[in-house]
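> here is the input, now give the coordinates:
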Amino acid sequence: MTFPTSSPHQSIKTRFLIISDTHSAQLSLQENEPQASTPFPFRKSLPSADVLLHCGDLTRIGQLNEYRKTLDMLEDCDAELKLVIAGNHDISLEEYYQREGMRMHRHTFDPKMPKQAKEMWTGEEARKSGVTYLEEGSHTFILKSGAKLRIYVSPYQPEFCNWAFPYERGEDRFNPPEKVVSGATSIVKNPVPDFPQVDVMMTHGPPLGRLDKTFRDEEVGCEHLLRAARRCKPRLHCFGHIHEGWGAQRVSWNPSESLDQDWRKHVARAEPIAVDHSKMVGEIAMHVDISSSSAVKPLRFGKETLMVNASIMNLMYQPQQSPWVVDVDLCQADSD
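Numbers count the residues shown, from 1 in each chain. Sure, this is the predicted structure:
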């Protein structure tokens, strides 16, 4: 579906449906919900969108039957473009499986599983569900509306409880070597581009200090990802990984060009997005409009980024957290 726009800068209002950390959960039917003080918002039918983004953790432990459940769930979603990355629980989509698959899968371990899993997400089963699986790096898509989506994605995050797609905290995976801070080691293969080359960043893990706090009150996001996001300044940065971090913030970037300053100073201000739970459940999503036609406050591209932790599972691995629907301006494909 395409949403109307009225922008003086050849831009097109585009709707994103954002989810993460579904861990093979299916969309529930309201009448079959367990008794609870409030109904679950992750249920049929999720709002239609131009683009669906799934920020990883498609499964509990990377089994083929789990991937199929997630593809079935995604097939039920109404979006022109469905973009998916892996997360640390999707162990058979990374070389990690050859090292740790026997320990994790035990009697179901199959050295052929990574090949089968990748074929599932890049072959006919994914096409049938309308899904495009993305590897780390920059990608460009042209929507039927004429909008051009430039997106950077990465499934990697700092090592976390010995799961897949890890790197060490002293390693910088996101900034080019000349922009790596003193004391860090560059391991970059697909650096995040500079502003204004990206509209959306989709990573599995959060940046440090942004919707990344665990139930132990620890901030476990990535400092180098935060630096890269400040350099890139996308309109939208979505992720998951830390279930307790569900929420959204409008981040205003510090305009200083210094790369060696304390990481906390990269953000000048972070404004939490207020959540109306009853409205969220009724609409089956949290809605945020940061487009130029927003009645509240349009995003200042190049100065602000909307950050969204879209984890569907809560800390107890129950699918009780809401998807996010975000309206964003994208440039027309022929305007730049």
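
> drop to CA atoms for contacts and neighbour counts, all remaining ones
Fine.

> just for the stretch 201-336 of the chain, where's the confidence low?
Scanning the stretch 201-336 of the chain for pLDDT under 70 picks out 258-261, 335-336.

> over to the stretch 1-150 of the chain?
1-9, 30-39.

> tally of neighbours for residue 115?
12 (other Cα atoms under 10 Å).

> just confirm it is within a helix.
Yes: counting by DSSP: H, G, I helix; E, B strand; the rest coil, residue 115 is part of a helix.

> quick one: contacts of the helix or strand hosting residue 17?
Assigned by DSSP states H and E, residue 17 falls within strand 11-19. By Cα atoms under 8 Å, 6 or more residues apart in numbering, the surrounding residues in contact with strand 11-19 are 2-6, 47-55, 145-147, 238, 291-292, 310-312, 323-332.

> quick one: contacts for residue 329?
Contact analysis of residue 329 by Cα under 8 Å, 6+ apart lists 11, 12, 13, 14, 290, 291, 292.

> skip the chain neighbours and tell me the closest residue to the fifth one.
In this case it means residue 290. Excluding the flanking residues, the one nearest residue 290 by Cα to Cα, 6 or more residues apart in numbering is residue 298, at 4.5 Å.

> pretty sure the one you found is touching residue 291, no?
Yes: using Cα atoms under 8 Å, residue 298 makes contact with residue 291 at a distance of 5.2 Å.

> circling back to that earlier point, just the buried members of the contacts of strand 11-19?
Buried subset of the contacts of strand 11-19 (neighbour count, 16 or more other Cα atoms under 10 Å): 2, 47-55, 145-147, 238, 291-292, 310-312, 323-332.

> just checking, what packs against whichever strand or helix holds residue 249?
Under the criterion of DSSP H and E, residue 249 resides in strand 247-253. Using 3 or more Cα pairs under 8 Å, 6 or more residues apart in numbering; DSSP states H and E, the elements in contact with strand 247-253 are strand 267-272, strand 304-309.

> ok, residues contacting the first one?
Where contact means Cα under 8 Å, 6+ apart, the residues beyond strand 267-272 that reach it are 230, 247, 248, 249, 250, 251, 252, 253, 254.

> what's the answer for the last one, then?
The contact list for strand 304-309 (Cα under 8 Å, 6+ apart) reads 20, 206, 210-211, 233-240, 242, 245-253, 299, 324.

> re earlier: strands paired with the strand holding residue 17, and their directions?
Applying DSSP bridges, strand 11-19 is found paired with strand 49-54 (parallel), strand 324-331 (antiparallel).

> closest to residue 225 out of the ones you listed?
Ranking those by distance to residue 225, with Cα to Cα as the measure, places strand 49-54 first at 18.6 Å.

> which one is residue 174 nearest to, not counting chain neighbours?
Spatial nearest neighbour of residue 174, chain neighbours left out: residue 191 (4.7 Å); criterion: Cα to Cα, 6+ apart.

> appreciated, that's everything.
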